[in-house]
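Asker: 3D model of this:
(one chain, ligands or ions: 2)
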Amino acid sequence: MKVAILPVGQVEQNVLQYIQETIPKIFPRTESVILKDPLTLPSEAYNTRRRQYSSSFLATLVREYLKKTDADKILGITTADLYASRLNFVFGEAECPGKAAIISLHRLKPEFYGQSSNQSLFLERATKETVHEIGHTLGLTHCSNNSCVMFFSNSIIDTDRKQQFFCVKCFETVQNRLKKR
Ligand code: ZN
Ligand code: ZN
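Answerer: Residues are numbered from 1 along each chain as shown. Ligands and ions are numbered 1, 2, ... in the order given. Below you'll find the predicted structure:
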């Protein structure tokens, strides 16, 4: 499959590059590209009371953008803090199954939790959220194995506990979805 990475608002180039290089290492038969033309964060998606952006609003725009590309899947990446109805925040959101996903880097930096900056930890967390949301687009649901990347992260503690890889069972599903047709 081909995964297009779409920056939504300003996103550091080295983070985008890291994610682009990591996707094909985890998903078999997969390539990944960074789209040159970032999406601007629309003010309509901003909730002034919550001071957060609507995840589903942005996911819809990301989904629309896919039509302009030749990719199979599209992953929006933003530094904005995202919320969904009834949830205080979300790390990301994806169609399950589907073609579009979005992740937020906002709560992945150790600085957000009052800790000192740690770029490798930050990139590892971003990888986990990326793999998790792309997994959803392939139709994978949440896994009960808390070290599997498809385990639901309720907090950063869950994210740090799990690996950036699929468990054997989930990886089997991924391989089936991505095998030659
Ligand atoms: Zn999930
Ligand atoms: Zn699993």
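
Asker: Using PDB, write out every CA atom in the top helix by length along the chain.
Answerer: Longest helix in the chain, counting residues (DSSP state H): helix 119-137. These are the backbone C-alpha positions of helix 119-137, laid out as PDB (Å, rounded to 0.1, in the frame of the first residue of the first chain):
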ATOM      1  CA  GLN A 119      13.500  13.300  21.200                       C
ATOM      2  CA  SER A 120      13.800   9.500  20.900                       C
ATOM      3  CA  LEU A 121      11.000   8.900  23.300                       C
ATOM      4  CA  PHE A 122       8.900  11.400  21.400                       C
ATOM      5  CA  LEU A 123       9.600   9.800  18.100                       C
ATOM      6  CA  GLU A 124       8.800   6.300  19.500                       C
ATOM      7  CA  ARG A 125       5.500   7.600  20.800                       C
ATOM      8  CA  ALA A 126       4.700   9.200  17.400                       C
ATOM      9  CA  THR A 127       5.500   5.900  15.700                       C
ATOM     10  CA  LYS A 128       3.200   4.000  18.000                       C
ATOM     11  CA  GLU A 129       0.300   6.300  17.300                       C
ATOM     12  CA  THR A 130       1.000   6.200  13.600                       C
ATOM     13  CA  VAL A 131       1.100   2.400  13.400                       C
ATOM     14  CA  HIS A 132      -2.000   2.200  15.600                       C
ATOM     15  CA  GLU A 133      -4.100   4.500  13.400                       C
ATOM     16  CA  ILE A 134      -2.900   2.900  10.100                       C
ATOM     17  CA  GLY A 135      -3.800  -0.400  11.700                       C
ATOM     18  CA  HIS A 136      -7.300   0.800  12.200                       C
ATOM     19  CA  THR A 137      -7.600   1.800   8.500                       C
END
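
Asker: now the following helix or strand past that helix, how far from the centre of its chain.
Answerer: Sequence-wise, the next helix or strand downstream of helix 119-137 (DSSP states H and E) is helix 156-161. Relative to the chain's own centre, helix 156-161 is displaced by 15 Å; criterion: Cα atoms, centre = their mean, to the nearest Å.
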